[in-house]
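Q: I would like to see how this sequence folds:
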Amino acid sequence: MSHSAGFGILILGAILAILGIVMIAGLLDWLLNVIGFILLVIGVILAVMGVVQMSSGKNRL
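A: The predicted structure follows:
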């Protein structure tokens with residue numbers, strides 16, 4: 001069991017180190033812009049799918 005706990009701490013440390021590098025390098029603004037654009041595209045796609053589903057009258061879910 002101690003190996004799995006050590007692995008979790010290793011992953012957490014790696015994630016924190018990567019976040020620190022991103023924040024220091026000034027890439028955070030660029031990353032937030034990319035994430036925002038991706039969320040915008042996904043939102044538009046879902047809205048179009050909803051309109052198509054409502055207009056077709058089929059309930060696939």
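
Q: need the longest helix for the chain.
A: helix 28-56 (DSSP state H).

Q: looking at the chain, which helix or strand is least sure?
A: helix 2-25 (a mean of 81; mean pLDDT, DSSP states H and E).

Q: quick one: it to helix 28-56, angle?
A: If you take axes from the mean of the first three to the mean of the last three CA atoms, to 10 degrees, helix 2-25 sits at 100 degrees to helix 28-56.

Q: so how far is helix 2-25 off the chain centroid?
A: In terms of CA atoms, centre = their mean, to the nearest Å, the centre of helix 2-25 is set 18 Å apart from its chain centre.

Q: list of residues touching it?
A: With CB atoms under 8 Å, 6 or more residues apart in numbering as the test, helix 2-25 has contacts from 28, 31. C-beta here means a position set from N, CA and C on the backbone, and glycine is covered the same way.

Q: ditto for stretch 28-37
A: By CB under 8 Å, 6+ apart, stretch 28-37 touches residue 22.

Q: report the mean per-residue pLDDT for that stretch.
A: For stretch 28-37, mean pLDDT rounds to 83.

Q: dump that stretch to PDB, restricted to CA.
A: Extracted in PDB, the C-alpha atoms of stretch 28-37 (Å, rounded to 0.1, in the frame of the first residue of the first chain):
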ATOM      1  CA  LEU A  28      -0.700  31.200 -18.100                       C
ATOM      2  CA  ASP A  29      -2.400  33.900 -20.100                       C
ATOM      3  CA  TRP A  30      -1.800  32.000 -23.400                       C
ATOM      4  CA  LEU A  31      -3.100  28.800 -21.800                       C
ATOM      5  CA  LEU A  32      -6.200  30.500 -20.400                       C
ATOM      6  CA  ASN A  33      -6.900  32.000 -23.900                       C
ATOM      7  CA  VAL A  34      -6.600  28.500 -25.500                       C
ATOM      8  CA  ILE A  35      -8.900  26.900 -22.900                       C
ATOM      9  CA  GLY A  36     -11.400  29.700 -23.300                       C
ATOM     10  CA  PHE A  37     -11.400  29.300 -27.100                       C
END
